[in-house]
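1. got a predicted structure plus its sequence, pasted below:
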Amino acid sequence: GVVYQGDCNTVDHLDIGIHLVINILSTLLLGASNYIMQSLSAPTRTEIDQAHKRGSWLDIGVQSMRNLVYTSRWKRWLWISLAVFSIPLHLL
């Protein structure tokens, strides 16, 4: 359907404005998603101690999927969900 019908110049300005807002919002959402994913993969002191007891190590200061093995199922599920839903959003 037709959302707006009018002068081409006005339509061009509206188009640019709408796309700008969409790009800003998607960038903010992607940044927030990445921040949360990094927080979810950051190991706690307890998780580090458990890994050391098993003779393993964890990555500190970087977003690492390796750390997800030692996190709770809830954190793992949230991390995977954010990854799955962020990829299509980024490609739009």
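-> Right, received. Where do you want to start?
2. helices or strands up against the longest helix anywhere in the chain?
-> Longest among the helix segments of the chain by residue count, using DSSP state H, is helix 8-41. In this structure, helix 8-41 makes packing contacts with helix 73-91, judged by 3 or more Cβ pairs under 8 Å, 6 or more residues apart in numbering; DSSP states H and E. No exception for glycine: its C-beta is placed from N, CA and C like everyone else's.
3. can you list the buried residues in the helix it packs on?
-> Residues Lys75, Arg76, Leu78, Trp79, Leu82, Ser86 are the ones in helix 73-91 that count as buried (16 or more other Cβ atoms under 10 Å).
4. Val2: which of these is nearest?
-> Ser86 (32.8 Å; Cβ to Cβ).
5. contacts only, for that closest one.
-> Taking Cβ atoms under 8 Å, 6 or more residues apart in numbering as the criterion, Ser86 is in contact with Leu30, Ser33, Asn34, Met37.
6. can you pick the most crowded of those residues?
-> If you count neighbours using other Cβ atoms under 10 Å, the busiest of the contacts of Ser86 is Met37, which has 19 neighbours.
7. now do the contacts for that one.
-> Contacts for Met37 (Cβ under 8 Å, 6+ apart) come out as Gln63, Trp79, Leu82, Ala83, Ser86.
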